[in-house]
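Undergrad: Quick one, what's the 3D model for this:
(chains A and B)
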Amino acid sequence: MNIEKSRHDFYLRKFLLIDINSYFATLLQQENPFLRGKPVAIVKETGRTCIIAASKEAKKCGIQTGSNVVQARQMAPELVVMGAEFDLYLDATKRLIKIFQNVSPRVNVYSLDEAFVEITQCGRLRADARTLAQNIQQQIQTELGSFVTSNVGIGPNRFLAKMAAEIAPKGSVLEINQENLDPILAQVGFADVCGIGPRLARKLALMGVTHPYQIRFYDEQDLQPLFGPFWSQELLKMAYGQEPHHLALLDKEFVNDGSQAGTQRDYWRPPQSVSRSITLWQLADDEQEIKQVLYNLTREVIFKVRKLKMAGRRISVSLSGSHNFQDLFWKSHQTLSTFVNHTQQMFEIVYQKLYSTWQRNFKPIKFRVCLSLLKPTKQINPSLLPSWQKQEAVETALDEIAERYGLFAVRSALLTKEKQIIRPEVTGFLGDKQYQLSK
Amino acid sequence: MVFVILYFGVLFVLLINSMYQTLHETIRVAGVFAHGKFKPVWFDWHNEQFKISQITLISKIKDGGRQQQLYSIVVGNDVFRLLFDLQTHDWFVEAVWVDEGGAR
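TA: Model (predicted):
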């Protein structure tokens, strides 16, 4: 791989990465002035113990994502623990995306609180990148409130834009360019490098490598025995500040159909799968409860798939749990010759064909249901079978009711207990963004 | 015995979370329209009028396709969430902030 050769077009593109500081906690502090200035920890829902986000004040006390509530309270006795408010976060994210799309049509929503904005072609219309970044910061505060601050990283690719946002002081703008690239790569720790996780960092540390720049002292042949052919190339790319594969893939999120001559527009690529998982409060050993959970998750998956006007033909189920203090996992899938977008049809496969083959050798706590190999329904010939058409009429009616009164306003007799219903939620990494951001 | 005390100790630590107490009670709201947006000014709840001193956040939330607008507001030393159902046009006082197991 000739890294130097590919450097000539290195600075032709320009990206911003906007990262809202301590998003989940900051938004709740914006909402509630009595939380401002206090250490706030966010858990998935009230009563859970794993902290999924911490406020700036909590981070100063040493509390991090993944900390335990009990340990965190020892570090900060005045800690306020709150359940996540995913509805509020999702709405705020949608408003942020509108701000970003006013700057450029090429926006990659990377997670609920991070987005890449490519400004390569905005040069003639807009001010310089730094002024543009500061304008965006101001617009965010106008839209969401003055307590919501953000970091903006500017770089010739997404990798460096993200690195700049990670190392910039809170609420500021930092650009990585030709002048400061090498000094930054020589100083930055792997915790701030997107693509190098703790395991890879530990492996590199064994070689005495603690900064990306140091990887340049090795060639591909030295790295291959330790990291394999893929990762040795990826590491070398990152050592020179080039975009690794997983970030370069974001370009594929756009489908440029060129339908309007002269005004080519970018569209988000349709999703290839829709899944839903849930971790229960305790290990499930009641057969009826397991059936309810699987039906509940299936209903949500189908609702989302239909909303996207798609159907899929690979159905998969996975369970994880424990037995005798050992973590255990089971999964199964079936690929069909026809497409499915009916709850009852999918549930029959999930429960009777897949789940029924499970040996029941542990009590599950985490459930996942997935429908993949999706295709737009307009590209699929509808079945002529009367039973299918009947089911389609039922699903269409259910869609309309859900649209008007909520997803579980009308539900199967399996889900009679209101309190046990698992309702749709959005995750921090926004895995189902095409659905969540479709409206 | 030690384990029992530890268990309840941990449980107590978990239970003293600050949180919003759900109310979901119908209210009357008065406000003004400005720049194409509605701004609540006061609301009637249990025959008492509450004057809104600050709107801290406005969020659109949805359940299925049902859309609602959530206003996070400050009244004196209290924080409320007011919910407006965009379909039925009903107003609710949805939740009130309670700190460390008791109302402020």
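
Undergrad: From now on I want contacts and neighbour counts done on CA atoms only, so please keep to that.
TA: Will do.

Undergrad: Distance of A:Glu118 relative to chain B?
TA: 27 Å (CA to the nearest CA, to the nearest Å).

Undergrad: quick one, what contacts the nearest residue to that residue once chain neighbours are set aside?
TA: Leaving out its chain neighbours, the residue that sits closest to A:Glu118 by CA to CA, 6 or more residues apart in numbering or on different chains is A:Phe15, at 4.4 Å. When contacts are counted by CA atoms under 8 Å, 6 or more residues apart in numbering or on different chains, A:Phe15 touches A:116-120, A:154-158, A:161.

Undergrad: Tabulate those residues in JSON lines, adding columns for neighbour count.
TA: Formatted as JSON lines, those follow (neighbours: other CA atoms under 10 Å in any protein chain shown):
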{"residue": "A:Phe116", "neighbour count": "25"}
{"residue": "A:Val117", "neighbour count": "24"}
{"residue": "A:Glu118", "neighbour count": "24"}
{"residue": "A:Ile119", "neighbour count": "21"}
{"residue": "A:Thr120", "neighbour count": "17"}
{"residue": "A:Ile154", "neighbour count": "31"}
{"residue": "A:Gly155", "neighbour count": "27"}
{"residue": "A:Pro156", "neighbour count": "25"}
{"residue": "A:Asn157", "neighbour count": "25"}
{"residue": "A:Arg158", "neighbour count": "29"}
{"residue": "A:Ala161", "neighbour count": "25"}
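
Undergrad: Narrow those residues to those in helices?
TA: A:158, A:161 (DSSP state H).

Undergrad: How about the secondary structure of A:Gln352?
TA: State at A:Gln352, reduced to three classes by DSSP: H, G, I helix; E, B strand; the rest coil: helix.

Undergrad: burial count for it?
TA: Around A:Gln352 sit 11 other residues, with neighbours defined as other CA atoms under 10 Å in any protein chain shown.

Undergrad: What separation do you get for it and chain B?
TA: From A:Gln352 over to chain B (counting by CA to the nearest CA), the distance is 28 Å.

Undergrad: can you pull the contacts of the residue nearest to A:Leu319 when sequence neighbours are not counted?
TA: Using CA to CA, 6+ apart and skipping residues adjacent in sequence, the residue nearest A:Leu319 is A:Phe367, 4.8 Å away. By CA under 8 Å, 6+ apart, A:Phe367 lies in contact with A:277-279, A:293-294, A:317-320.

Undergrad: Just give me the least confident of the contacts of A:Phe15.
TA: Across the contacts of A:Phe15, the bottom pLDDT score, 89, is held by A:Thr120.

Undergrad: If I follow the layout properly, that residue ends up in contact with A:Tyr11?
TA: No - at 9.8 Å, A:Thr120 does not count as touching A:Tyr11 under the criterion of CA atoms under 8 Å.

Undergrad: With just CA atoms, put the helix or strand that the residue nearest to A:Leu319 is a member of into PDB.
TA: Following DSSP states H and E, the helix or strand that holds A:Phe367 is strand A:363-372. Output in PDB follows, covering the C-alpha atoms of strand A:363-372 (Å, rounded to 0.1, in the frame of the first residue of the first chain):
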ATOM      1  CA  LYS A 363     -32.300 -18.700  31.300                       C
ATOM      2  CA  PRO A 364     -32.300 -15.800  28.800                       C
ATOM      3  CA  ILE A 365     -32.100 -12.100  29.800                       C
ATOM      4  CA  LYS A 366     -31.400 -10.500  26.500                       C
ATOM      5  CA  PHE A 367     -33.600 -11.000  23.400                       C
ATOM      6  CA  ARG A 368     -33.100  -9.900  19.800                       C
ATOM      7  CA  VAL A 369     -35.300 -10.200  16.800                       C
ATOM      8  CA  CYS A 370     -34.200  -9.100  13.300                       C
ATOM      9  CA  LEU A 371     -35.600  -8.900   9.800                       C
ATOM     10  CA  SER A 372     -33.000  -8.500   7.100                       C
END
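
Undergrad: Okay, A:Trp281 and chain B: tell me how far apart.
TA: Distance from A:Trp281 to chain B, counting by CA to the nearest CA: 14 Å.

Undergrad: Quick check on that residue: phi, psi?
TA: Per-residue torsions, A:Trp281: phi -80, psi -30 (degrees, to the nearest 10).

Undergrad: mind checking the backbone torsions on the residue of the stretch 151-300 of chain A found nearest chain B?
TA: Nearest to chain B in the stretch 151-300 of chain A, going by CA to the nearest CA, is A:Glu300, at a distance of 9.7 Å. As for A:Glu300, its main-chain torsions (degrees, to the nearest 10) stand at phi -70, psi -40.

Undergrad: Let me know the distance separating the closest residue to it other than its chain neighbours from A:Leu12.
TA: Excluding the flanking residues, the one nearest A:Glu300 by CA to CA, 6+ apart is A:Pro424, at 6.9 Å. Going from A:Pro424 to A:Leu12 by CA to CA, to the nearest Å gives 42 Å.

Undergrad: What are the buried residues along stretch A:290-308?
TA: Buried residues in stretch A:290-308, counted by 16 or more other CA atoms under 10 Å in any protein chain shown: A:290-306, A:308.

Undergrad: Give me the contact list for it.
TA: Defining contact as CA under 8 Å, 6+ apart, one finds that stretch A:290-308 is touched by A:274-277, A:284, A:311, A:341-343, A:346-347, A:350-351, A:367-371, A:376, A:399, A:407, A:414-415, A:421-422, A:424, A:435, A:438.

Undergrad: Which one's more surrounded, A:Pro424 and A:Leu12?
TA: Remark: of A:Pro424 and A:Leu12, A:Pro424 carries more neighbours, 18 against 9, as counted by other CA under 10 Å.

Undergrad: Look up phi and psi at that one.
TA: Dihedral pair for A:Pro424: phi -60, psi 140, per degrees, to the nearest 10.

Undergrad: do A:Ser277 as well
TA: Listed backbone geometry of A:Ser277 is phi -130, psi 160, with angles given as degrees, to the nearest 10.

Undergrad: gap between it and A:Gly208?
TA: 40 Å.

Undergrad: who has more neighbours, the two?
TA: Between A:Ser277 and A:Gly208, A:Ser277 has the larger neighbour count (other CA under 10 Å), namely 18 against 11.

Undergrad: show me what contacts the more buried one?
TA: Going by CA under 8 Å, 6+ apart, A:Ser277 touches A:297, A:366-369.

Undergrad: Can you tell me which of these is nearest chain B?
TA: Looking at these and their distance to chain B, the nearest is A:Leu297, at 14.3 Å (CA to the nearest CA).

Undergrad: where does chain A have its least confident helix or strand?
TA: Taking mean pLDDT, DSSP states H and E as the measure, chain A has strand A:266-268 as its least confident helix or strand, at a mean of 59.
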